[in-house]
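J.: give me the fold of what follows.
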Amino acid sequence: MTEVGYYPGCSLEASARDYAESIEGVAGLLGLKLVEVEDWNCCGASAGHSLDHAKSVNLAGRNLALAARGPQPLVVPCALCFNRLKTAQAELAQDRSELVAEVAGLAGDPQQVQVRELNGFLTSAEMIEAMESRRKRSLTGLKLVCYYGCQGQRPPKITGHPQYENPTGMDRLLDRLGATVIDWPAKTDCCGASHSVPRPDLVFTLVGRLYDEASRRGAEAIVTGCQMCQANLDLYQVEIAAAQGRPVDLPVFYLTELAGLALGHPQAGRWLGRHMVDPRPLLARLGLTS
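T.: Okay, the predicted model is just below:
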């Protein structure tokens with residue numbers, strides 16, 4: 001087994017348990033051991049930095065210092081967590097005393113941590129080859145669009161993403177796993193994130209536009225690697241459809257769920273059964289269920 005550091009973040013222990021289980025399942029099939037950062041804390045997403053800048057940096061900085069003790073890279077499933085960790089790393093590199101004070105006493109050096117978003121890690125050339133070679137089932141017939149959201153790529157000076165306007169990692173992986181991947185211009189548009197609580201009208205408008213564009217392109221499903229994006233697109237689909245006065249039926253998969261399905265993981269059906277928009281009828285119609 002190859003060890004990698006793992007920072008799950010808060011929601012993977014609660015509302016995004018299906019995502020957590022699919023990540024762990026796929027990692028096991030790929031021979032990866034996820035070594036969770038010991039005693040990790042919340043990264044401060046999504047509003048911490050707007051309330052107290054120094055504390056928000058130190059929240060994420062503490063995680064970085066702890067992660068430096070473990071295996072590298074540090075794989076981060078949540079795009080918001082990834083963004084906060086990378087931002088803290090950049091801030092701490094400036095060595096401002098009010099920011100480094102709370103993490104200076106920890107053994108690890110935050111600058112030594114190789115922070116990788118899970119999407120980028122799983123869609124590296126090496127991982128794509130590994131998954132294609134282990135594939136048990138082709139995703140033939142599944143027409144989908146890949147939705148990356150906005151936090152995993154931007155701002156590029158922080159994330160270091162080489163394709164921050166047009167990422168293609170998920171597209172390439174799912175194409176190799178047999179799916180029909182449709183290009184579309186909304187792959188990095190914002191879904192509204194946590195505004196679903198104070199401003200659901202705003203989220204409904206933004207997500208409604210994503211539904212429109214995906215449907216217009218002929219997609220039958222959306223794939224993402226961010227649990228906040230998945231929640232906004234999946235949880236409120238009935239309400240958004242009612243507000244728009246038209247039906248919407250677009251299952252919203254996690255990348256790891258489809259990877260697990262292609263790799264033949266026996267628990268893939270259980271992960272998919274937790275979605276608000278049930279993707280299993282679509283998969284059954286395409287002959288992609290066990």
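
J.: for the longest helix seen in the chain, buried residues please.
T.: Looking across the chain with DSSP state H, the single longest helix is helix 200-216. For helix 200-216, the buried set under the neighbour-count rule, 16 or more other CB atoms under 10 Å, comprises Pro200, Val203, Phe204, Leu206, Val207, Gly208, Leu210, Tyr211, Glu213, Ala214. The way it works is simple: take the backbone N, C-alpha and C, and place the C-beta from them, glycine included.

J.: remind me what whatever helix or strand comes next after it packs against, helices and strands.
T.: Downstream of helix 200-216, the first helix or strand assigned by DSSP states H and E is strand 221-224. Secondary-structure packing of strand 221-224 (3 or more CB pairs under 8 Å, 6 or more residues apart in numbering; DSSP states H and E): strand 143-147, helix 227-235, strand 252-254, helix 255-263.

J.: which residues are contacting strand 221-224?
T.: For strand 221-224, contacts defined as CB atoms under 8 Å, 6 or more residues apart in numbering pick out 142-149, 170, 174, 210, 214, 230, 233, 250-255, 258, 279, 282.

J.: listing partners with orientation, what would you give for it?
T.: Strand pairing for strand 221-224, determined by DSSP bridges: strand 143-147 (parallel), strand 252-254 (parallel).

J.: what mean pLDDT does the longest one get?
T.: Within the predicted structure, the mean pLDDT of strand 143-147 is 98.

J.: circling back to that earlier point, the longest helix of the chain vs helix 227-235, what angle?
T.: 80 degrees (axes from the mean of the first three to the mean of the last three CA atoms, to 10 degrees).

J.: run the chain-centre distance for helix 200-216.
T.: 19 Å (CA atoms, centre = their mean, to the nearest Å).

J.: tell me the SS of the residue nearest to Cys229 when sequence neighbours are not counted?
T.: Nearest residue to Cys229, sequence neighbours excluded (CB to CB, 6 or more residues apart in numbering): Gly149, at 4.4 Å. Three-state assignment for Gly149 (DSSP: H, G, I helix; E, B strand; the rest coil): coil.

J.: run a quick neighbour tally on Gly149.
T.: 25 (other CB atoms under 10 Å).

J.: ok, it - contacts?
T.: Here Gly149 is in contact with Ala79, Thr188, Cys190, Cys191, Thr224, Cys226, Met228, Cys229 (criterion: CB under 8 Å, 6+ apart).

J.: what's the closest of those residues to Gly5?
T.: Ala79 (17.3 Å; CB to CB).

J.: tell me how many other residues crowd that closest one.
T.: 27.

J.: how close does it sit to Gly149?
T.: 6 Å (CB to CB, to the nearest Å).

J.: could you tell me which residues touch both of those two?
T.: Joint contacts of Ala79 and Gly149 (CB under 8 Å, 6+ apart) are Cys226, Met228, Cys229.

J.: picking that back up, and the helices and strands packed on strand 221-224 as JSON lines, adding distance to Gly269 and mean neighbour count?
T.: Output for the helices and strands packed on strand 221-224, formatted as JSON lines (distance: least, CB to CB, whole Å; neighbours: other CB atoms under 10 Å):
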{"stretch": "strand 143-147", "distance to Gly269": "18", "mean neighbour count": "24"}
{"stretch": "helix 227-235", "distance to Gly269": "17", "mean neighbour count": "24"}
{"stretch": "strand 252-254", "distance to Gly269": "13", "mean neighbour count": "28"}
{"stretch": "helix 255-263", "distance to Gly269": "9", "mean neighbour count": "27"}
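
J.: let's have the ones you listed in a markdown table, adding distance to Thr2.
T.: Compiled in a markdown table, the helices and strands packed on strand 221-224 are given as follows (distance: least, CB to CB, whole Å):
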| stretch | distance to Thr2 |
| --- | --- |
| strand 143-147 | 26 |
| helix 227-235 | 25 |
| strand 252-254 | 22 |
| helix 255-263 | 16 |
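
J.: of the ones you listed, which approaches Cys10 most closely?
T.: Among the helices and strands packed on strand 221-224, helix 227-235 sits nearest to Cys10 (CB to CB), with 10.1 Å.

J.: quick check: next helix or strand after that closest one?
T.: Beyond helix 227-235 toward the C-terminal end (DSSP H and E), the next one is helix 237-244.

J.: now do that next one against helix 200-216, angle only.
T.: Taking the same axes, to 10 degrees, one finds helix 237-244 and helix 200-216 inclined to each other by 90 degrees.

J.: what lies in contact with helix 237-244?
T.: Pro200, Phe204, Val207, Gly208, Tyr211, Pro247, Val248, Asp249, Leu250, Val252, Met276, Val277.
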